[in-house]
Structures are given as C-alpha cells and as structure tokens.
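> based on what follows, work out the 3D shape:
(chains A and B)
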There are 2 protein chains.
Amino acid sequence: MKIGVFDSGVGGLTVLRALLEKIPGADYLYLGDTARLPYGAKSRATVARYATSSAKFLVGEGAEYLVIACNTASALALDAIRDAVPVPVLGVVETGAHAAADHSKTRDVLVIATAATVESHAYAAACAERNLRSIEKACPLLVPLVEEGWVDHPVTAEVLRIYVSELLDQAQDAALHADTLVLGCTHYPLLRAQIERAVPPSLCVIDSAEATADQVAEVLNAVPPRSVTPRVRFFATDSVARFRALGSRFLGQPIDSVQLVDLGG
Amino acid sequence: MKIGVFDSGVGGLTVLRALLEKIPGADYLYLGDTARLPYGAKSRATVARYATSSAKFLVGEGAEYLVIACNTASALALDAIRDAVPVPVLGVVETGAHAAADHSKTRDVLVIATAATVESHAYAAACAERNLRSIEKACPLLVPLVEEGWVDHPVTAEVLRIYVSELLDQAQDAALHADTLVLGCTHYPLLRAQIERAVPPSLCVIDSAEATADQVAEVLNAVPPRSVTPRVRFFATDSVARFRALGSRFLGQPIDSVQLVDLGG
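Got it, this is the predicted structure:
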C-alpha cells in the first residue's frame, strides 16, 4: 500500500510522522507545495487548482490513498480533489472533527488554528455536522514560533497563556462547556506538551495529526506490518534545502533526499 | 508630481506614511501585490516578473517616480524594474544603506530584517558598496507580532530583548563596533519606540521608511507644498477588506477605498 500525503508546506510532516508510527507497513509519498504556499490567503478556486494538481501528481507517482494534511486545502478543496483522482481521499479537518465528536461528552468543542483556517469556519462546519457546538480561535503567532524553533521557550509559554485565556473567555461568553480542544493546524503537534500545560486539565487535547493517522489506520487495517523500514519519498515545489532543514524538525527524523518538482504557476 | 509606491503587501504603507509627511505636495498611488505575497520565498526570476508587472501598472496609472517599498523586490529586482519602466526608481535597501553610511562614524552597521531579506544579503552588499562592515540578523517573529497588533506588548519586548542580545553577541564575535542599526523591514517602523528601548543608547536606529522619504524629498525638492490634502489611491491584488483593515495601522490613518486589480498569475 502506497499512501500519498499532501500539504502546502512542511507542517503535514507531523501527519506523516504519526502515520509512520501507526502504519509502518505502508510506503509513503509526501508532497509539500512550497513554491505556492501559503494557501491560506488564496481564493477557493486557486486553492482547488493547486491542490488538485498536487493530488494528481501523487496519484501519478503511485499513491493509492491520499491524506490531505493541509487545513486550507481540506477546508476549501476536498470535494474538488475527490472529483479529480480515482483513489480515496481523507482530509485533516474532518478527521479532527470526527475525533472531537468521539471524545466530547459535553458536545462543546474548542478549536485553535491559523487565521486563514478560522476565517474559513471549516472546523465549525465539520463540528456542526456532528452535532457539536464549537468556538474557533486564530493563534497566528504559533506557526512563526514553531518555525523559529522556540518550542520549549518562555515566550511561547506566555503566548499560549494569553491565547488560552482569551479562548476560555470566549467560551464562557458563549456559555460553552467545552471538554475538548482540537489542534487545527499541522504545526501545533510540536507544541502539544506546552499546550497541554497551558489548558485546564478538564480539556482533552486532540492532535489532528494523530487523529488522522488513527482514522487512516482504521480504514486500512488490512496493511500487514513488515519487518523492513517503510520507504518514504519526499517531493517539494521549491527550495529543497529549506524543506530538508525545517522538515526534519516536523518529521522528528532527518530527511535525506527531497526531489524538486515543477507543478507550474 | 505623482509618486508610485509598491510593496508586496501593506508594510510599504509605513514608507507612504513618511512620504506623506515629507512631501505633502505630491499625489500618490500605492500598490500592494497581496495576491502574490510573500515574495521572500520566491526565486529572483519570479520576483522580477511580479515586481516589473506591478511597476508597469503604477506607471500606467500615471506614476512619474517609483518607490520600491518592498525589501525583497528591492534586493532582487531593482535592475529589472529600472529596465522595464521609463521613470526614476528608488529602492528601500539602497536608501537604508545610504542613510547608514551618512550616520555611522565607526563604519560598522547592524541590520535587522526578515529571514528572506537576510538570506539575500542585499543589505550587506549595499553596505559593502559604501565601505561599511555589517551584520544582518533575521528576526522572523517581528512581522507576525506587528500583524497580531502586539506592538506595545510585554511579549514583543521580550522577543526584542532576545533578538538584540543575540545580535550584539554576533557583533562582538565579529569584533564590530557598530553605532548604527538599520530597520530593514517595512513592518519594523511600527516597533521603532520598542526597538529604541531595547538597544544600547550608543546605537542610532535608522528607520528605512523615513530614510527613503528623506531621499525622495531630496531628489524631488522641486515639488511645491500645496494647501490641499495629497490625493492617494490604493490598489491591491487580493482581499481589499484585509488590506483596509491591516493597512490602516501601517498608514496611521483610515484607508477608505481600495481598488482590486488583477495582474495575472
């Protein structure tokens, strides 16, 4: 089984990392569309065009199952991708909402994400479909803090304290009794320990990278474990050096070789 | 006199703000190529293509003088822009280095900028041309902090304290005796007071937005002051609403009307 993982950048490597742990018997293709990132500020039509060309590339390279590890593409282009390729497609927004629905007893859920994801209200919609009430909060400083490498850093702890306190105020104003917090950005799993320290113990933190890997594992339960290391190929549409340097932190292991691909404008 | 000001986003509005103060007798056109930002991660050829099409648009709208208030475009595409349009063109990198050369007695200069600008080493080259030694430091958290609106905020003060201390350590290691610090990013003028508090009093802070306006004023000293308010037209290539909301903070006054323009892919 060959699983294709797609993101606009390196963030989706946290999803690949979780997949490698849960489904070590599969082979993997990872594409970061780094030349065209960030998707967040672009229109639905543009994101759909970029994401479908990326999905087709991965299927052309042999992917038999696609994981869309990009929140913006999952929010804006999942149907377009499903129409464009003949293989099953799973997106991180629905897996995050699905895991929240599984966990929450109060049916009230909090979501933190980038400004673009929050503005799309994709998590709110996915939660509403599952009869969950939700509040989404944009945390625009978290991605730059992770990319700066300030993961275990007092500044990050202080930023998280402020964001969490604003989020809990919003929840109180809306009379939500949330018991679940969804990490709605693929960068946030790197801050999971810090986020868990910053929130009240009554809040269960759902890491959507892990939730996605769990759901792929459930669907593909027939993939037999193997004794050999899974084979992973990496593709990027811009600066292979930057992908390797930054990506290794997200994957949690060195990235040896990245192939540059041109998907056009 | 009609002055065109170009940036990939809203940051260049700090340059427009300084121009409006120094040359109130001119009319202005401002273009933010927001659909194609950030330029920082893109190749020289792509940045040149985007910047020349933007410059031509402004000249087509009547600009008789162009200010490139975008560090990446100034660093990578100034010659291409000069070749593409028949009007004088000034870029923020050269004006910043020029002002530093004017101020520095020790001939040693520090520059803070985004990661992309630092990686281009455009300031180092512009400083070397003026017989200045320089150290450039990337401060990737400052733009997101400004865009989050955390200008006068303890987190920003702490981030600045850390960046400045790392920069001074680098200067010491290189045996530089710097007396001048160039703000090499159009977002940083919003943090000027905080930056001045964070650096030793022996360092003179050069705001490249102001330095640019000074130099344009010097060149265009024939523009007569007028009794009427300068006329300013704003153009953006994506989300006019976001440009107005974010841009007003950079301009220091409300932006009433922004025209959406399509410059192609």
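> what's the closest non-adjacent residue to the residue nearest the centre of chain A?
Centroid-nearest residue in chain A: A:Thr186, 3.5 Å away (criterion: CA atoms, centre = their mean). The shortest distance from A:Thr186 to any residue that is not its chain neighbour, by CB to CB, 6 or more residues apart in numbering or on different chains, is 3.4 Å, and that residue is A:Gly11. The C-beta positions use only the backbone N, C-alpha and C, and glycine is treated the same way.
> and stretch A:13-24, average pLDDT?
Predicted confidence along stretch A:13-24 averages 94 (mean pLDDT).
> around chain B, pick out the residues from chain A.
Neighbours of chain B within chain A, by CB under 8 Å from any CB of the partner chain: A:34-35, A:37-38, A:41-43, A:140-141, A:143-145, A:147-148, A:150, A:154-155, A:158-159, A:162, A:238-239, A:242, A:265.
> helix or strand for A:Ile112, which one?
strand A:108-113 (DSSP states H and E).
> flag every buried residue along that strand.
When neighbours are counted by 16 or more other CB atoms under 10 Å in any protein chain shown, the buried residues of strand A:108-113 are found to be A:Asp108, A:Val109, A:Leu110, A:Val111, A:Ile112, A:Ala113.
> need the contact partners of that strand.
Residues from elsewhere that reach strand A:108-113 (CB atoms under 8 Å, 6 or more residues apart in numbering or on different chains): A:71, A:96, A:100, A:118, A:123-124, A:127, A:132-139, A:142, A:163, A:167, A:171, A:176-185, A:188, A:195, A:203.
> what do you get if the cut-off is 6 Å, keeping everything else the same?
By CB atoms under 6 Å, 6 or more residues apart in numbering or on different chains, the residues outside strand A:108-113 that reach it are A:100, A:123, A:127, A:132-137, A:139, A:167, A:176-178, A:180-182, A:184-185.
> now find how far off-centre stretch A:154-163 is within its chain.
When C-alpha coordinates are averaged (CA atoms, centre = their mean, to the nearest Å), stretch A:154-163 and its chain have centres 22 Å apart.
> A:Asp102: what secondary structure?
Assigned by DSSP: H, G, I helix; E, B strand; the rest coil, the conformation of A:Asp102 is helix.
> tell me, how many neighbours does it end up with?
Applying other CB atoms under 10 Å in any protein chain shown, we find 13 residues neighbouring A:Asp102.
> do you know how far it is from chain B?
Counting by CB to the nearest CB, to the nearest Å, the separation of A:Asp102 from chain B is 33 Å.
> I'd say the residue nearest to the centre of chain A and A:Val10 touch.
No - under the criterion of CB atoms under 6 Å, A:Thr186 lies out of contact with A:Val10, with a separation of 8.6 Å.
> in a helix, A:Tyr30, correct?
No - the assignment for A:Tyr30 (three-state DSSP) gives strand, which keeps it out of a helix.
> for it, list each beta-bridge partner.
Residues found in beta-bridge contact with A:Tyr30 (criterion: DSSP bridges) are A:Val5, A:Phe234.
> for it, give me its contacts.
Residues near A:Tyr30 by CB under 6 Å, 6+ apart: A:Val5, A:Leu16, A:Phe234.
> buried residues, the helix or strand of chain A with the lowest mean pLDDT. List them.
Averaged element by element with mean pLDDT, DSSP states H and E, chain A has its least confident helix or strand at helix A:115-120 (a mean of 88). When neighbours are counted by 16+ other CB under 10 Å, the buried residues of helix A:115-120 are found to be A:Ala115, A:Ala116, A:Thr117, A:Val118, A:Glu119, A:Ser120.
> where does the stretch 1-150 of chain A have low pLDDT?
A:41 (pLDDT under 70).
> repeat for the stretch 151-265 of chain A
Applying pLDDT under 70 to the stretch 151-265 of chain A picks out residues A:222, A:226-227, A:265.
> what do you get if the cut-off is 80, keeping everything else the same?
Regions of the stretch 151-265 of chain A meeting the criterion pLDDT under 80 cover residues A:221-229, A:264-265.
> thinking again about what came up before, the residue nearest to A:Thr186 is in contact with A:His187, isn't it?
Yes - in terms of CB under 6 Å, A:Gly11 counts as a neighbour of A:His187; the distance is 4.8 Å.
> chain A: helices as residue ranges?
Defined through DSSP state H, the helices belonging to chain A, from first to last, are A:13-22, A:44-60, A:71-84, A:92-103, A:115-120, A:122-129, A:142-147, A:154-173, A:192-198, A:208-219, A:240-251.
> ok, and what's touching the longest one?
In other words, helix A:154-173. Among residues not part of helix A:154-173, those counted as contacts by CB under 6 Å, 6+ apart are A:110, A:135, A:137, A:139, A:141, A:145, A:150, A:178, A:194, A:198-199, B:155, B:158-159.
> one more time with 7 Å
Contact partners of helix A:154-173, identified using CB atoms under 7 Å, 6 or more residues apart in numbering or on different chains, comprise A:110, A:112, A:135, A:137, A:139, A:141, A:145, A:150, A:178, A:191, A:194-195, A:198-199, B:155, B:158-159.
> repeat that for the first one.
Surrounding helix A:13-22, the residues in contact under the criterion CB under 7 Å, 6+ apart are A:3, A:5, A:28, A:30, A:67, A:69, A:92, A:186, A:189-190, A:209-210, A:212-214, A:216-217, A:230, A:247, A:250-252.
> flag every buried residue along stretch A:8-27.
Using 16+ other CB under 10 Å as the burial criterion, the residues of stretch A:8-27 that qualify are A:8-20, A:22-23, A:26-27.
> name the residue of the stretch 101-250 of chain A that lies nearest to chain B.
Among residues of the stretch 101-250 of chain A, the one nearest chain B by CB to the nearest CB turns out to be A:Pro144. It sits 4.4 Å away.
> quick one on the thing from earlier: nearest to A:Pro86 among the buried residues of helix A:115-120?
Within the set of the buried residues of helix A:115-120, A:Ser120 lies nearest A:Pro86; the separation is 26.7 Å, counting by CB to CB.
> just to check, that closest one is in contact with A:Ala77?
No - with contact taken as CB atoms under 7 Å, A:Ser120 and A:Ala77 are classed as non-touching, separated by 10.8 Å.
> residues contacting the residue of the stretch 101-250 of chain A closest to chain B?
For A:Pro144, the residues meeting the contact criterion (CB under 7 Å, 6+ apart) are B:Pro140, B:Leu141, B:Pro144.
> A:Ala84: which of those residues is nearest?
Taking CB to CB as the measure, B:Pro144 is the one of the contacts of A:Pro144 closest to A:Ala84, at 33.4 Å.
> looking at the helices of chain A, which is closest to B:Ala48?
helix A:240-251 (20.3 Å).
> need the contact partners of that closest one.
The set of residues external to helix A:240-251 that reach it, using CB under 7 Å, 6+ apart, is A:10-11, A:13-14, A:16-17, A:32, A:34, A:147, A:190, A:236, A:254-255, A:258, A:260.
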